[in-house]
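Undergrad: for reference, the sequence and a predicted model appear below.
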Amino acid sequence: SLGSVPAGPPDAIIGLTDAYNSSTAPHKVNVGVGAYRDDSGKPYVLPVVKVAEARVIEKGLNKEYAGIAGIAGFVDRSLEFAYGKNSDTLKSGRVKGVQTLSGTGGLRIWGEFWKKFGGDGILLPDPSWGNHTPIFKNSGLNVETYRYFDYENSKLNIDGMLEDLSKASPTCVLLHACAHNPTGCDPDMGQWKAVSDVIKEAGHYTFFDCAYQGFASGDAEKDAASIRMFVEEGHDMALVQSYSKNFGLYGERVGCLSVVGSDADNAANIVSQLKICIRPNYSNPPVHGARIVEEVLSDAALEQDFRDQCKEMSERIILMRSLLRSTLEGLGSEKDWSHITSQIGMFCYSGLNPEQVDRLREEFDIFCTRDGRISMAGVTQGNVEHISSSIHEVTK
Ligand code: PMP
């Protein structure tokens, strides 16, 4: 009988939203979950997504299953978006992919595939997105970490990263393509080159997780620079893309998992095995969100609208970074808050400790994860004063 099933703990991030929803404080703030909010704190649907969705509906398409690999046109547009329309490697047929249940689903399928054909383990940055470890553990992999963040100085620990990668025996190395979650610290291009060299030398396989292309810098080409450099450097590699943040398609679950094979046949063989991993999981992916992305990326005018609107979102976040920092400094906080503006992407890895985070929630109705990660997307001109004065209060 199942009578003795214990209650499970709430998810660290999703549970926060539940706690936020049950707070009755008028000034409550949710800076936990990484979902974009406009300057009035409201969820946001990109205008270009509404236009593309209307066009998709107008077409009156049927609701048949997509194949196991999803919608081919969507996958083609996704590969161009990440690898570059003019990529010779893409044109050579060495890059192939499948549609996935957003980034999370792609990560899980990759984990299962790697366990079957690659090896027993995976190396993640310390820290990494909280869901990475359980996803790969549930895929049957041993999860280990390489040094990534210099917690003391709030910056990238590039020396530690290179040393750990060079010492590890050959395995799959997960890299955040841009806007590392949760730290907001990325290698610069020179550092990426050093990472590429070390990975090659140590014989690792590279797996990029790209959840913020376009959202990080406001320029989708620039945000793909790490991926494209690794391709240029001749790595066989894999990539998972998420359209949750950049297209704001969170609940539609749109993603793509692709590989750069040693040649076109190798890529096709890998895709055939990815499909064998997908089939018993969920059979085939949902079609609606993928059709929207395909529509946008197949039309030059819509694609430009997307790029403009994505840039607007990232600019609002960058503005909120400087406002949060200047407000904190204006209140007389003597702490060094320069990392708020030097970090990129959706999050500010604030350096607040778990006790300070608890005080923010209990005394000021501000909800963020206990690692001190603040979603900048939840900061607005209307609440930045309240957030700053509360942070100042708990860090005095
Ligand atoms: N990877 C990283 C680094 C992320 O930050 C996220 C979103 N929080 C994801 C993957 C997956 O998100 P989704 O499943 O919504 O695409």
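TA: It's in. Numbering: from 1, shown residues only.

Undergrad: near the ligand, which residues of the stretch 101-250 of the chain are found?
TA: Proximity of the stretch 101-250 of the chain to the ligand (C-beta under 6 Å from any ligand atom) is limited to residues Ser102, Gly103, Thr104, Trp129, His176, Asn181, Asp209, Ala211, Ser242, Ser244, Tyr250. The way it works is simple: take the backbone N, C-alpha and C, and place the C-beta from them, glycine included.

Undergrad: surely Phe117 is in contact with Gln273?
TA: Yes - in this structure, Phe117 is within contact of Gln273 by C-beta atoms under 8 Å, at 6.6 Å.

Undergrad: and those two? Which one has more around it.
TA: When neighbours are counted by other C-beta atoms under 10 Å, Phe117 and Gln273 differ, and Gln273 comes out ahead with 14 against 11.

Undergrad: can you tell me how far that one is from Glu362?
TA: Look at Gln273 and Glu362: by C-beta to C-beta, to the nearest Å, they are 50 Å apart.

Undergrad: what residues are up against Thr104?
TA: Counting by C-beta atoms under 8 Å, 6 or more residues apart in numbering, Thr104 makes contact with Asn131, Ile135, Ser242, Gly255.

Undergrad: which one (most neighbours) among those?
TA: For these, neighbours were counted using other C-beta under 10 Å, and Gly255 has the most, 31 neighbours in all.

Undergrad: helix/strand/coil for that one?
TA: strand (DSSP: H, G, I helix; E, B strand; the rest coil).

Undergrad: so it sits against Ile109, correct?
TA: No - counting by C-beta under 8 Å, Gly255 sits too far from Ile109 to count as a contact (9.7 Å).

Undergrad: shared neighbours, those two?
TA: Thr100.

Undergrad: per-residue confidence for the spatially most central residue of the chain?
TA: Closest residue to the average C-alpha location of the chain: Ala211 at 2.7 Å, with C-alpha atoms, centre = their mean. If you check Ala211, the pLDDT there is 97.

Undergrad: ok, now which ones touch it?
TA: Contacts of Ala211 (C-beta under 8 Å, 6+ apart): Gly103, Trp129, His176, Ala179, Asn181, Gln241, Ser242, Ser244, Lys245.

Undergrad: now tabulate these in CSV and tack on pLDDT.
TA: Formatted as CSV, those follow (pLDDT from 0 to 100):
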residue, pLDDT
Gly103, 98
Trp129, 95
His176, 98
Ala179, 96
Asn181, 94
Gln241, 98
Ser242, 98
Ser244, 97
Lys245, 96
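
Undergrad: which of those residues tops the neighbour count?
TA: That'd be Gln241 among the contacts of Ala211, by other C-beta under 10 Å, with 28 neighbours.

Undergrad: the helix or strand encompassing that residue packs against which elements?
TA: Taking DSSP states H and E as the definition, Gln241 sits inside strand 237-242. If contacts are counted by 3 or more C-beta pairs under 8 Å, 6 or more residues apart in numbering; DSSP states H and E, strand 237-242 sits against helix 72-83, helix 102-117, strand 205-210, helix 225-232, strand 254-260.
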